[in-house]
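Trainee: fold the following, please.
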Amino acid sequence: MTRFWAACIDDKVFSALGGILKATTEEEKIGKIIEVMSVLELLEETFKKCSKGKYFFDGDTIDFLDVTLGSYLVWLKAAEKVSELKVLDETKFSKLAEWTEQFFSIDCVKEAMREVERVEEFITKTLKPRWAVASSK
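Mentor: Prediction:
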């Protein structure tokens, strides 16, 4: 089951985040937001079942699924800032929001994760101009 969810995160979340940022119309953006949120809804329910009230998907310890989803958190936060949207809404995804706080509180995660501001800068100064050129062709 872990590999299924990891593949789902890789396939759906990251591509939809990119789609939100690349969107040239409001309809496109809304479609990608709905796509991300539908996966997050499923992950919220999966987390509730798998974690059994503990901090991580596998309970007390970080596992493959935590690392997979966690690796996208900085990108998610940067995408939220750039697009001025809140995707990981604490009221709608309360367990995932708690999980995010726990995940970011781990020392090795703090050391390994890029700063949101640096990813946000990369998106606005590098990716968005490239996407604008590509979409104008």
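Trainee: what packs against the lengthiest helix in the chain?
Mentor: Of all the segments assigned as helix in the chain under DSSP state H, the longest by residue count is helix 26-51. Of the remaining helices and strands, those touching helix 26-51 by 3 or more C-beta pairs under 8 Å, 6 or more residues apart in numbering; DSSP states H and E are helix 2-8, helix 14-22, helix 94-104. No exception for glycine: its C-beta is placed from N, CA and C like everyone else's.
Trainee: most tightly surrounded among the ones you listed?
Mentor: helix 14-22 (a mean of 18; mean count of other C-beta atoms under 10 Å).
Trainee: still on that earlier bit, out of the helices and strands packed on helix 26-51, which is closest to Lys48?
Mentor: The closest approach between Lys48 and any of these, judged by C-beta to C-beta, belongs to helix 94-104 at 5.6 Å.
Trainee: re the thing from before, buried sites along the longest helix of the chain?
Mentor: Judged by neighbour count using 16 or more other C-beta atoms under 10 Å, the buried positions of helix 26-51 are 29, 32-33, 35-37, 39-40, 43-44, 46-47, 50-51.
Trainee: got the angle between it and helix 14-22?
Mentor: If you take axes from the mean of the first three to the mean of the last three C-alpha atoms, to 10 degrees, helix 26-51 sits at 150 degrees to helix 14-22.
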